[in-house]
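Q: Quick one: sequence plus predicted model below, questions after.
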Amino acid sequence: MFNDIRVAIFMAIREIKRGNKGTVLVTIFIMTLAVLNLLFMPCILDGMDYKNKLQVVDAKFGHVVIEPKEGNALIQNPQSLQKKINAFNEVEGVSLQYSVGATVYYKDKSLGRSITFINPIDEGSVTTLAESIVEGAYLTKLDTDEILIGSESAGTHKPIDISNSLGGIATGDYVEIKYNNGVIRKYRVKGIYKTKYINADYSLFLNNKELENIFGTKDMADTITIRLKKENTEYDFIKKLTYIGIGEDVFNSRDRAGLEISQIFGVIKMILAIIAILVSVTTLFIVIYIDAINKRKIIAVINAIGVNRKIIIYSFIFQSVFYSASGIIIGLLILYYLLVPYFIANPFMMPFGEVSLMVETGVVINRMIALMVTAIIAGFVPAYQVTKQNIVEAMRS
């Protein structure tokens, strides 16, 4: 068996060296493209999925979200619940939020928006809102007549949709807000923020001390956001919250916000992988088949002098593996040393932030194994078909 394989490798190397150099290079080039096709788009989609979930945590909800039970508009005793949650060692920060619909007026512009009331210090312990200020300053716990506006609502700092904004408001300007209970208040714009996550950059924030002025109460919240000290511990923490008898709905923010897009990306990646593998196996099959057909007489002579047909089949399989392995090596070099550094320096700008390639070693290994298996099949099938022919008929062809 070992001798058969050694002879087959010798024959494969000899055929590749003596073969048409243009055909060899084109086949390797096609296999390189197949490798990049197998990995490039999935890496982009994985990067998009990762960035979307990261922005959900950093710019919007933290790791865990608590909302009222179905049928309730508010969380019961939110400040008391906040103290209980803060007592857990794994908690880094807890923020109470209350959002209400309102109309925002600036000069001749008006927008329907959700106004979110927060404790600025608490919110800073959960999200990166305070670090995302691009103009002006962040709210303090004493600010009751000043507002924080996202860049998409302000219409400044390169918004994605300026038509759905206040058209270019700046810090120091004043906006008028009419709440859904009829109260009208005027606020000075203290700061404009940009998280690069479009769902967060439409929001407007006020100090929750303003709740009493508008609604006559301080202890109101319809959302509690929680940031944990360690990543990927959400489920364990949610179990702990369940054990202490929290009567509200508790969610893993990343799963809730990213489940649908993750499923869509998964289907797209599977389709792209199937197409790339079919292209590669078809290319190798055609190359090996044509080569085997052109060498029918030589194969017949080799069979006639007593060389086992298994050796001939092995030699064609090794040729196919060579083309596949060459494409894998070149493709991975291009991916790791050209594409990844380039997209780190020049990320895609998406509605949920800047996206680079995300290369997962497990995915790369699995897909390269799949490519090598298809290469073996693509080498075996045509070689088997040609070598099983009648020797005399092959000599006459």
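A: Perfect, thanks for sending it.

Q: Which secondary structure state does the most centrally placed residue in the chain sit in?
A: For the chain, the residue sitting closest to the mean C-alpha position, by C-alpha atoms, centre = their mean, is D49 at 2.1 Å. Here D49 is recorded as helix under DSSP: H, G, I helix; E, B strand; the rest coil.

Q: Hmm, Q263 and it touching each other?
A: No: applying C-beta atoms under 8 Å as the test, D49 and Q263 come out as separate, 10.0 Å apart. (Glycine included, C-beta is placed from N, CA and C.)

Q: thinking again about what came up before, how close does the residue nearest to the centre of the chain sit to D173?
A: When distance is defined by C-beta to C-beta, to the nearest Å, D49 is 38 Å away from D173.

Q: go on, M349?
A: Using C-beta to C-beta, M349 is found at 27 Å from D173.

Q: In terms of packing, which of those two has more residues around it?
A: Comparing M349 with D173 by other C-beta atoms under 10 Å, the one with more neighbours is D173, at 15 against 11.

Q: Alpha carbons of stretch 103-115, as CSV, please.
A: Presented in CSV, the C-alpha positions along stretch 103-115 are these (Å, rounded to 0.1, in the frame of the first residue of the first chain):
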residue,chain,number,x,y,z
THR,A,103,-42.8,66.0,18.8
VAL,A,104,-39.6,68.0,18.6
TYR,A,105,-39.6,71.4,17.0
TYR,A,106,-36.6,73.4,15.7
LYS,A,107,-37.1,76.4,13.5
ASP,A,108,-39.4,75.2,10.7
LYS,A,109,-38.6,71.5,11.3
SER,A,110,-40.6,69.0,13.4
LEU,A,111,-39.9,65.4,14.2
GLY,A,112,-41.9,62.7,15.9
ARG,A,113,-39.4,61.1,18.3
SER,A,114,-39.1,59.0,21.5
ILE,A,115,-37.6,61.0,24.4
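
Q: what does the average pLDDT come to for that stretch?
A: The average pLDDT within stretch 103-115 is 92.

Q: Quick check: longest helix in this protein by residues?
A: helix 253-294 (DSSP state H).

Q: State the mean pLDDT of that one.
A: Averaged across helix 253-294, the pLDDT comes to 77.

Q: Check stretch 31-40 too.
A: For stretch 31-40, mean pLDDT rounds to 87.

Q: Also stretch 86-99?
A: Mean pLDDT, stretch 86-99: 93.

Q: what do you get for stretch 315-330?
A: Mean pLDDT, stretch 315-330: 88.

Q: Pull out the buried residues from that stretch.
A: 315-328, 330 (16 or more other C-beta atoms under 10 Å).

Q: which of those residues lies closest to I133?
A: The closest of the buried residues of stretch 315-330 to I133 turns out to be I330 (C-beta to C-beta; 45.8 Å).

Q: Now for the closest residue in space to that closest one that isn't next to it in sequence: which residues touch it?
A: Nearest residue to I330, sequence neighbours excluded (C-beta to C-beta, 6 or more residues apart in numbering): T32, at 4.6 Å. Each residue near T32 by C-beta atoms under 8 Å, 6 or more residues apart in numbering is listed here: 326-327, 330-331, 334.

Q: Make sure L148 is indeed in a strand.
A: Yes: counting by three-state DSSP, L148 is part of a strand.

Q: if I look at it, how far off is Y106?
A: Distance, L148 to Y106, by C-beta to C-beta: 15 Å.

Q: same question, M31
A: 58 Å.

Q: who's more crowded, these two?
A: More crowded of M31 and Y106, by other C-beta under 10 Å: M31, with 28 against 21.

Q: downstream neighbour of the helix or strand where the more buried one lies in the secondary structure list?
A: Secondary structure assignment for M31, by DSSP states H and E: helix 21-55. The helix or strand immediately downstream of helix 21-55 is strand 64-67, counting by DSSP H and E.

Q: helix or strand right after that following strand?
A: Elements were assigned by DSSP H and E; along the chain past strand 64-67, the next helix or strand is helix 78-86.

Q: Which positions within the helix or strand following that next one qualify as buried?
A: Using DSSP H and E, the helix or strand that follows helix 78-86 in sequence is strand 91-106. Of the residues in strand 91-106, 91, 93-100, 102, 104-106 count as buried by neighbour count, 16+ other C-beta under 10 Å.

Q: again, but for stretch 106-125
A: 106, 111, 113, 115-120, 122-125.

Q: what's the span of it, first residue to last?
A: Across stretch 106-125, the terminal residues are separated by 31 Å (C-alpha to C-alpha, to the nearest Å).

Q: how far is it from where the chain is centred?
A: From the chain centre to the centre of stretch 106-125 is a distance of 29 Å (C-alpha atoms, centre = their mean, to the nearest Å).

Q: try stretch 226-233
A: Counting by C-alpha atoms, centre = their mean, stretch 226-233 is centred 20 Å from the centre of its parent chain.

Q: Repeat that for stretch 197-216.
A: With C-alpha atoms, centre = their mean, you get 30 Å for stretch 197-216.

Q: mind listing what's buried in that stretch?
A: Going by 16+ other C-beta under 10 Å, stretch 197-216 has these buried residues: 197-208, 210-211, 214.

Q: quick revisit: farthest pair in the buried residues of strand 91-106?
A: The distance between the two most remote of the buried residues of strand 91-106 (C-beta to C-beta) is 38.9 Å, for V91 and Y105.

Q: nearest residue to I44 other than its sequence neighbours?
A: For I44, the spatially nearest residue (C-beta to C-beta, 6+ apart) is L357, at 6.1 Å.

Q: So which of the buried residues of stretch 197-216 is the closest to P42?
A: Nearest to P42 among the buried residues of stretch 197-216, with distances taken as C-beta to C-beta, is Y197, at 22.7 Å.

Q: May I see the buried residues of strand 91-106 arranged in JSON lines, with distance to I246 as well?
A: Formatted as JSON lines, these follow (distance: C-beta to C-beta, whole Å):
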{"residue": "V91", "distance to I246": "13"}
{"residue": "G93", "distance to I246": "17"}
{"residue": "V94", "distance to I246": "12"}
{"residue": "S95", "distance to I246": "16"}
{"residue": "L96", "distance to I246": "14"}
{"residue": "Q97", "distance to I246": "17"}
{"residue": "Y98", "distance to I246": "18"}
{"residue": "S99", "distance to I246": "20"}
{"residue": "V100", "distance to I246": "24"}
{"residue": "A102", "distance to I246": "30"}
{"residue": "V104", "distance to I246": "34"}
{"residue": "Y105", "distance to I246": "39"}
{"residue": "Y106", "distance to I246": "40"}
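
Q: Please consider this matter closed, and thank you.
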